[in-house]
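[1] could you look at this predicted model? Sequence included:
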Amino acid sequence: MHSVAATRRRQGYWRAATWACVVLFFAGVASLVAGQVVWGSVAMAFGFIAGWIIGSTAAEEVGVTGHGNAVRLTVPKHHIALTEPPPEGMPELVCARCGHQEEFPRGSHLRKSYVQQRYRDAQARFARHRCR
């Protein structure tokens, strides 16, 4: 089904597969160092190529995807990005007169101190804003 939980689960699967390819790549490097040229070369090549393809898919798995033809395998024809509400105590910085908006990074994947610092920076820019 197309739900937030299913999307997060799907994102986790893609990321786990990407990390497995990274591990395979480094196992190939270790095999080359140990003198196993054939196995090491194959493992490195497969780990790099599969990791690149699967990693691209993981990076573009941004939300609920629909069915249908896609331009390429990793880009869905339709998708809806999951958005998070603004952090608590950090309202949107929008000018009531002209609609100017100061953006700041936000997301549960970012450190709280980083988001707070970027919000303070955005507040300072917003305070200097003059409507045209």
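    Perfect, I can see it now.
[2] for Tyr114, which residues are in contact?
    Neighbour list for Tyr114: Pro105 [criterion: C-beta atoms under 8 Å, 6 or more residues apart in numbering]. For glycine as for every other residue, the C-beta is placed from the backbone atoms N, C-alpha and C.
[3] and the helix or strand containing it, how far out from the chain's middle?
    Here Tyr114, judged by DSSP states H and E, is contained in helix 112-127. Centroid separation between helix 112-127 and its chain, computed with C-alpha atoms, centre = their mean, to the nearest Å, is 22 Å.
[4] pLDDT averaged over that helix - what is it?
    Mean pLDDT, helix 112-127: 90.
[5] list the buried ones in that helix?
    By neighbour count with 16 or more other C-beta atoms under 10 Å, helix 112-127 contains the buried residues 115, 118-119, 122.
[6] could you dump it to CSV, C-alpha only?
    The C-alpha coordinates for helix 112-127 follow below in CSV (Å, rounded to 0.1, in the frame of the first residue of the first chain):
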residue,chain,number,x,y,z
LYS,A,112,18.5,20.0,16.4
SER,A,113,21.3,22.5,17.1
TYR,A,114,22.0,22.8,13.3
VAL,A,115,18.3,23.6,12.6
GLN,A,116,18.2,26.1,15.4
GLN,A,117,21.3,27.9,14.2
ARG,A,118,20.0,28.1,10.6
TYR,A,119,16.6,29.3,11.9
ARG,A,120,18.4,32.1,13.9
ASP,A,121,20.3,33.0,10.7
ALA,A,122,17.0,33.1,8.7
GLN,A,123,15.4,35.3,11.4
ALA,A,124,18.3,37.7,11.1
ARG,A,125,17.9,37.9,7.3
PHE,A,126,14.1,38.2,7.7
ALA,A,127,14.6,41.1,10.2
